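Asks: Fold the following, please.
(one chain, ligands or ions: 1)
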Amino acid sequence: MDENSNERPSRRVSVPWVANAPARAERLVMMTAYDFSQARLVEQAGADIVLVGDSLAMVVLGHSDTLSVTVDEMLHHVKAVRRGVVNPLLVADMPYGSFHLGCQQTVAEAVRFIKEAGAQAVKIEGHRPKTVAALVEAEIPVMAHLGLTPQSIHKLGGFRVQGRGDGARRKLLEAARELEAAGAFSLVLECVPADLASEVTAALESPTIGIGAGPDCDGQVLVFHDLLGLEDRLSPRFVRRYAELGSDARQALSAFADDVRHGRFPSPEESYDDPTLLGAEPIRKIYG
Ligand code: KIV
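Replies: Numbering: from 1, shown residues only. Okay, here's the model as predicted:
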């Protein structure tokens with residue numbers, strides 16, 4: 001392991017380890033990933049939890065919201081991430097429509113994420129204690145998600161901060177308690193006032209993981225493309241961009257295009273001009 005890397009000591013993260021994080025006063029790091037190479041990067045960076053979010057619909061598949069991504073599309077990406085992740089807990093987001101038609105349908109779809117794709121838990125949006133209980137009964141750990149739940153975009157009328165006002169605060173706090181009582185091992189809080197997130201966090205034994213929910217949650221999550229500066233269509237205030245890979249990538253890609261157009265790529269060193277070497281060099285070595 002590189003001395004300067006943030007890689008965590010080798011240990012497999014389990015659901016109970018995540019669920020007990022508040023008791024250990026340990027802050028949880030969750031990052032999203034959608035393919036093999038992203039999965040390796042987030043693990044090497046020290047993520048405790050890797051979420052294959054349905055944000056896939058927007059940041060990878062180019063949709064304007066998360067509603068249209070299917071179970072099969074999600075499975076395809078969870079499988080790729082599974083191949084790249086060894087130690088972090090792998091959580092699969094259940095997409096819109098996959099847990100809305102009753103507990104039997106929900107459990108059947110969730111089982112696919114566990115059996116076919118190797119996820120260790122699923123995440124579902126909204127206040128659905130009965131659904132959570134049915135999944136837990138089927139041995140499937142559940143991460144709940146309250147606040148701004150993007151799958152409810154039509155009901156909510158847009159991507160807006162949730163839990164403002166006394167009634168909404170009380171409702172969210174009660175929903176959080178009910179989800180925990182139903183067996184959820186953790187709760188994502190998205191876009192809620194920081195003091196409400198703090199109150200929910202204090203009220204629960206299981207960990208809260210915030211995104212746009214202030215500093216008092218037990219953990220934080222950001223979307224891969226947001227934190228690396230790869231997504232430039234939306235820029236919510238809760239996103240901190242730790243790099244500008246979008247502009248770095250544009251520069252690199254245009255340098256390649258420019259070199260090709262001006263005959264600067266490939267150079268003699270990047271070419272095989274000695275016929276005796278052809279087929280003898282271990283070309284694949286660089287991918288090993
Ligand atoms: O889909 C997603 O990436 C998410 C996270 C933002 C929590 O739900």
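Asks: alpha carbons only for contacts and neighbour counts from here, please
Replies: OK.
Asks: where does this protein come near the ligand, residue by residue?
Replies: 32, 53-55, 223 (Cα under 6 Å from any ligand atom).
Asks: hmm, 8 Å instead?
Replies: Of all the residues in the chain, those in contact range of the ligand (Cα under 8 Å from any ligand atom) are 32, 51-56, 66, 93, 123, 125, 145, 149-150, 188-190, 210-211, 221-223.
Asks: can you tell me how far Lys171 sits from the ligand?
Replies: From Lys171 across to the ligand, the span is 20 Å (Cα to the nearest ligand atom, to the nearest Å).
Asks: And that residue, how far from Gly165?
Replies: Distance, Lys171 to Gly165, using Cα to Cα, to the nearest Å: 10 Å.
Asks: Same drill for the two, tell me which one is more crowded.
Replies: Taking neighbours as other Cα atoms under 10 Å, Lys171 and Gly165 compare with Lys171 leading, 13 against 8.
Asks: wait, is Pro236 part of a strand?
Replies: No. Assigned with DSSP: H, G, I helix; E, B strand; the rest coil, Pro236 falls outside any strand and is coil.
Asks: Quick check, pLDDT for the residue nearest to Ala197 when sequence neighbours are not counted.
Replies: Nearest residue to Ala197 in three dimensions, chain neighbours excluded: Ala213, at 5.8 Å (Cα to Cα, 6 or more residues apart in numbering). Per-residue confidence (pLDDT) for Ala213: 98.
Asks: Could you verify my assumption that Ala213 touches Glu199?
Replies: No. Judged on Cα atoms under 8 Å, Ala213 makes no contact with Glu199 at a distance of 11.1 Å.
Asks: Compare these two (neighbour count), which wins?
Replies: Per other Cα under 10 Å, whichever of Ala213 and Glu199 has more neighbours is Ala213, with 24 against 14.
Asks: Run a quick neighbour tally on Ser247.
Replies: Neighbours of Ser247 under the rule other Cα under 10 Å: 13.
Asks: who's in contact with it?
Replies: Counting by Cα atoms under 8 Å, 6 or more residues apart in numbering, Ser247 makes contact with Leu230.
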